[in-house]
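# Below is the sequence, then the predicted model.
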Amino acid sequence: MGYSWTPMLRRRFYALVLVLAALASGAAAQDTSEDPLRRAKELHAKGEHAQAVPFFERTLERDPESVEAVANLALCLAAAGRTDEALPLCDRLLELTDQDPNVRDVTAAVRFKAGRLTEALADVELALAAGVESARVHRVKGAIHFSRLEFEEGVQAARAALELKPSDPEVHELLGRCLAGSRQFGAAIEALSKALELAPDYAAAYSWRGYCKAAGGDPVGARADCERAVALQPDEALHYSNRSTAHMAAARYPEALNDAERGLRLQPMNHELMSRRGFALIRLGRYEEALTAYDAAILLKSSGVSSTATEARPSRASGASRRRSRTGTRP
């Protein structure tokens, strides 16, 4: 015998469904509010650093001495470009852990991100002297070497990091940059391709691979990679610098000049972009302007205040792989 649904029964059934859905939603919300640290770590792992910050802060409201929350909040703030807020947390972290060398990988990464290379290197050396085995420590060390144009040392540090974390695309990108700096372009392309295999939307890896292809005599491939980098991260000067190089490799001097100038609008104190502008102007026969550009590049480089286009900032792209479009690339 069949069962007949009256209008009243239907209304009661739908009301029951809505009540159950609301209860399930409330339980999930309560679970998140009860464990903000878990939610913060999930967001941090996906590269959604700015979104993770308030959950770490909520954790610290409940437990001001949570070492895990302090360390991860410092890393998230630094990744989000809020280094002024991240730096005091380094001191707090060391205070909570009684100067434990095992947290020096965090303090090194944050201080490097803030441009405090001497302090970051001191943290790295303290961690390594204490026998701390951390891929982040070696990655920061490699990034410091790269920033100082010590490319061979950077290669060694990146390879040490890969032994501990072979599937980290940021380390493969660092290795590629350092190999490019030492003019090992074939090996650099291989490392950068591995980074892109692991993180297909990694803008800095495209950008550096384009630079290497230009240096290796593949201007078409170079432009394609640099175009991809610019599309992923249009506000990063590095990509215009490398695309300018790609254009010059193809004798496309007006385009090379345009990209150098676009990069300079983003980083006016960048001596590398100023040099690229000067080179393009020479090729275009604009010698007086070229001389002025080269003089400015020399002044910027000698002053020590130049912001070089050697590393990309992390992008705000969403997703597990796209977080590195802008990535960026610093530890």
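Here it is on my side, so go on. Numbering: from 1, shown residues only.
# could you say what helices and strands the helix or strand encompassing Ala222 packs with?
Assigned by DSSP states H and E, Ala222 belongs to helix 219-232. On a contact count with 3 or more C-beta pairs under 8 Å, 6 or more residues apart in numbering; DSSP states H and E, helix 219-232 meets helix 203-215, helix 237-249. C-betas here are computed from N, CA, C, even on glycine.
# Tell me which of those helices is the most buried.
Here the criterion is mean neighbour count by mean count of other C-beta atoms under 10 Å, and of the helices and strands packed on helix 219-232 the winner is helix 203-215, at a mean of 29.
# Kindly format the C-alpha coordinates of it as CSV.
Taking Å, rounded to 0.1, in the frame of the first residue of the first chain, the C-alpha atoms of helix 203-215 are listed here in CSV:
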residue,chain,number,x,y,z
ALA,A,203,55.4,32.9,-11.7
ALA,A,204,59.0,33.3,-10.5
ALA,A,205,59.9,29.9,-11.9
TYR,A,206,58.5,30.9,-15.3
SER,A,207,60.3,34.2,-15.2
TRP,A,208,63.7,32.7,-14.4
ARG,A,209,63.3,29.9,-16.9
GLY,A,210,62.5,32.6,-19.5
TYR,A,211,65.7,34.4,-18.5
CYS,A,212,67.7,31.2,-18.9
LYS,A,213,66.2,30.4,-22.3
ALA,A,214,67.1,33.9,-23.5
ALA,A,215,70.7,33.4,-22.3
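# and the angle for that helix with helix 237-249?
20 degrees (axes from the mean of the first three to the mean of the last three C-alpha atoms, to 10 degrees).
# now for helix 203-215, which elements pack on it?
Using 3+ C-beta pairs under 8 Å, 6+ apart, helix 203-215 sits against helix 169-181, helix 185-198, helix 219-232, helix 237-249.
# now that helix, how far from the centre of its chain.
Distance of helix 203-215 from the chain centroid (C-alpha atoms, centre = their mean, to the nearest Å) equals 16 Å.
# could you give the mean pLDDT of it?
The predicted model assigns helix 203-215 a mean pLDDT of 96.
# Quick check: closest non-adjacent residue to Ala297.
Of all residues not flanking Ala297 in the chain, Met274 sits nearest, at 3.9 Å (C-beta to C-beta, 6 or more residues apart in numbering).
# Where does the one you found fall, secondary structure wise?
According to DSSP H and E, Met274 maps onto helix 271-283.
# From the chain's centroid, how far away is that helix?
Worked out by C-alpha atoms, centre = their mean, helix 271-283 lies 26 Å from the chain centre.
# mind saving the C-alpha coords of it as PDB?
Listed next in PDB are the C-alpha coordinates belonging to helix 271-283 (Å, rounded to 0.1, in the frame of the first residue of the first chain):
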ATOM      1  CA  HIS A 271      69.700  49.300 -10.900                       C
ATOM      2  CA  GLU A 272      69.300  46.200 -13.100                       C
ATOM      3  CA  LEU A 273      66.200  47.600 -14.800                       C
ATOM      4  CA  MET A 274      68.000  50.900 -15.300                       C
ATOM      5  CA  SER A 275      70.900  49.000 -17.000                       C
ATOM      6  CA  ARG A 276      68.400  47.200 -19.200                       C
ATOM      7  CA  ARG A 277      66.800  50.500 -20.100                       C
ATOM      8  CA  GLY A 278      70.300  51.900 -21.000                       C
ATOM      9  CA  PHE A 279      71.100  48.800 -23.200                       C
ATOM     10  CA  ALA A 280      67.800  49.100 -25.100                       C
ATOM     11  CA  LEU A 281      68.400  52.800 -25.700                       C
ATOM     12  CA  ILE A 282      71.800  52.100 -27.100                       C
ATOM     13  CA  ARG A 283      70.300  49.600 -29.600                       C
END
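# What's the mean pLDDT across the helix or strand just after that helix?
Downstream of helix 271-283, the next assigned helix or strand under DSSP H and E is helix 287-303. In this model, helix 287-303 has an average pLDDT of 92.
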